[in-house]
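Student: predicted model and sequence follow; I will ask about them next.
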Amino acid sequence: MSVTRKEFGVTKDGKQAYLYTINSGTGMEATVTDYGAILVNLIVPDAEGNKQDVVLGYDNLADYETNGCFFGATIGRNANRIGGAAFTLDGTTYHLPANENGNNLHTDFEHGFHKVLWDAKPLSDGNGVQFSCVSPDGENGFPGTVQMSVTYSLTLDMGIQITYDGVSDKKTVLNPTNHSYFNLGGHDAGSILDEKMTIYADGFAEIVPGAITTGRILPVEGTPMDFRRAKRIGDEIGADDEQLTMVQGYDHNWALNTTFGKVEKIAQVEDEKAGRTMEVWSDLPGVQFYAGNCITPQTGKGGAHYDKRCALCLETQYFPDSVNRPEFLQPVFEAGQTCHTTTVYKFR
């Protein structure tokens with residue numbers, strides 16, 4: 001295994017950004033950048049050894065400085081939505097950017113983790129890169145100075161592992177995730193509606209208009225949300241179901257059947273035509289399956305055309321708006337308490 005580095009461009013404020021390419025020696029290769037701790041490329045062979053880049057992204061730094069769809073991004077401090085763009089800890093109310101219909105989405109569009117130039121350190125065994133940054137007290141409205149690291153590493157069984165570690169000097173919310181968009185046929189392969197999805201969950205978080213959770217976990221049984229057995233993503237995405245129509249398709253959080261704190265298999269995506277399968281492993285209570293309903297028409301890597309539902313996200317996380325929903329597991333950490341979580345995307 002090895003890590004190589006090359007220049008990726010200069011940010012708008014004059015700082016040099018770099019690309020780091022991790023080569024596993026098994027045919028799998030990942031390229032990450034210190035700008036936003038973003039996954040830029042993920043090269044994966046199929047059963048016959050044919051290689052494809054399976055994540056959406058851009059060829060240049062300038063596009064990542066915009067990146068309205070959060071391609072490949074590390075999201076933080078909090079992924080997904082917080083209702084009313086505010087939360088209360090120990091009697092103090094903290095106000096966040098109201099950047100989506102009066103709510104907070106993905107912390108901040110311009111000043112979140114995905115727009116930070118992180119410090120980078122290749123791992124000594126050559127199988128990955130650790131990115132670190134400091135989020136100051138009060139940044140985007142969150143309390144506490146947070147020391148944060150995100151580590152990307154490749155495994156010998158064709159996996160990319162993402163490990164998050166964060167610690168604050170004040171009680172705070174920490175709920176990071178990765179927002180990579182996957183298409184197992186290749187980033188330029190078009191629609192993902194024929195890919196088959198399995199999610200190991202008996203329930204999902206009910207939402208209301210604005211995509212804010214109600215605090216209720218509804219059973220998937222008898223609904224288009226039932227992915228306990230593999231089915232085409234396109235089979236029911238257009239169903240006349242209020243949970244789907246209010247967000248133009250799948251963009252919901254599933255309540256996983258797995259054990260919180262233990263890295264277990266939570267989902268699987270199969271592309272029979274491409275001959276690739278991706279397993280998702282996590283130690284968190286939920287996963288946001290987003291079917292790319294709102295990808296705006298744009299040009300991506302290699303001149304590829306990206307559009308609606310040309311890729312999917314499986315974002316491991318605490319449930320949306322958990323900090324305001326005491327019935328959910330809380331992404332709240334005391335001063336000095338480490339937030340540690342691991343997600344693996346494994347291919348075969």
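Tutor: That came in fine, so what should we check first?

Student: please enumerate the strands of the stretch 1-150 of the chain.
Tutor: 2-10, 16-23, 29-33, 38-45, 51-53, 73-75, 81-82, 86-89, 92-95, 104-105, 119-122, 128-135, 146-155 (DSSP state E, counting those that start in this stretch).

Student: quickly run through the sheet partners of the second one, with directions.
Tutor: Based on DSSP bridges, the strands next to strand 16-23 in the sheet, each with its direction, are strand 2-10 (antiparallel), strand 29-33 (antiparallel).

Student: name the residues that touch the shortest one?
Tutor: Where contact means Cβ atoms under 8 Å, 6 or more residues apart in numbering, the residues beyond strand 29-33 that reach it are 8, 17-23, 38-43, 61, 64, 129, 131, 152, 154, 160. C-betas here are computed from N, CA, C, even on glycine.

Student: between that strand and strand 38-45, how big is the angle?
Tutor: Between strand 29-33 and strand 38-45, the angle comes out at 170 degrees (axes from the mean of the first three to the mean of the last three Cα atoms, to 10 degrees).

Student: on that earlier part again, of all the strands of the stretch 1-150 of the chain, which one is nearest Ala255?
Tutor: strand 81-82 (16.1 Å; Cβ to Cβ).

Student: could you say which of the strands paired with strand 16-23 is packed most deeply?
Tutor: Highest mean neighbour count among those (mean count of other Cβ atoms under 10 Å): strand 29-33, with a mean of 24.

Student: and it with strand 128-135, angle?
Tutor: Using the same axes, to 10 degrees: strand 29-33 against strand 128-135 is 20 degrees.

Student: now do strand 29-33: distance to the chain's middle.
Tutor: Between the centre of strand 29-33 and the centre of its chain there are 15 Å (Cα atoms, centre = their mean, to the nearest Å).

Student: tilt between that strand and strand 146-155?
Tutor: Using the same axes, to 10 degrees: strand 29-33 against strand 146-155 is 160 degrees.

Student: all helices of the stretch 51-200 of the chain, in order?
Tutor: 61-66 (DSSP state H, counting those that start in this stretch).

Student: which parts of stretch 69-78 are buried?
Tutor: By 16 or more other Cβ atoms under 10 Å, the buried positions in stretch 69-78 come out as Cys69, Phe70, Phe71, Gly72, Ala73, Thr74, Ile75, Gly76, Arg77, Asn78.

Student: show me what the mean pLDDT comes to for stretch 243-253.
Tutor: The average pLDDT within stretch 243-253 is 98.

Student: touching it from outside, list them.
Tutor: Residues contacting stretch 243-253 (Cβ under 8 Å, 6+ apart): 80, 204-209, 211, 213, 223-225, 233, 236-238, 286-291, 293-294, 309, 317, 319-320.

Student: how about it: buried residues?
Tutor: Neighbour count says stretch 243-253 has Gln243, Leu244, Val247, Gly249, Tyr250, Asp251, His252, Asn253 buried, by 16+ other Cβ under 10 Å.

Student: tell me which of the residues you listed is nearest to Lys170?
Tutor: For those, the nearest to Lys170 is Asn253 (26.8 Å; Cβ to Cβ).

Student: beta partners of the closest one?
Tutor: Assigned bridge partners for Asn253, using DSSP bridges, are Gln288.

Student: chain center to stretch 10-19, what's the gap?
Tutor: Here stretch 10-19 is found 23 Å from its chain centre; the criterion is Cα atoms, centre = their mean.

Student: endpoints of that stretch, how far apart?
Tutor: 12 Å (Cα to Cα, to the nearest Å).

Student: how about that stretch: buried residues?
Tutor: Using 16+ other Cβ under 10 Å as the test for burial, stretch 10-19 gives Thr11, Ala17, Tyr18, Leu19.

Student: per-residue confidence for the last one?
Tutor: At Leu19, the predicted lDDT confidence score is 98.

Student: quick one: the closest residue to it other than its chain neighbours from Val134, how far?
Tutor: Leaving aside its chain neighbours, Leu19 sits nearest to Phe8 (4.6 Å; criterion: Cβ to Cβ, 6 or more residues apart in numbering). Applying Cβ to Cβ, to the nearest Å, the value for Phe8 to Val134 is 22 Å.

Student: same thing with Leu61?
Tutor: With distances taken as Cβ to Cβ, Leu61 is found 22 Å from Val134.

Student: between these two, who's got more neighbours?
Tutor: Neighbour count, other Cβ atoms under 10 Å: between Leu61 and Val134, Leu61 has more, with 22 against 12.

Student: compute the first-to-last residue distance for stretch 287-297.
Tutor: Distance across stretch 287-297, first residue to last, is 26 Å (Cα to Cα).

Student: check contacts around the residue nearest to Leu19.
Tutor: So Phe8 contacts Ala17, Tyr18, Leu19, Thr33, Tyr35, Leu61 (Cβ under 8 Å, 6+ apart).
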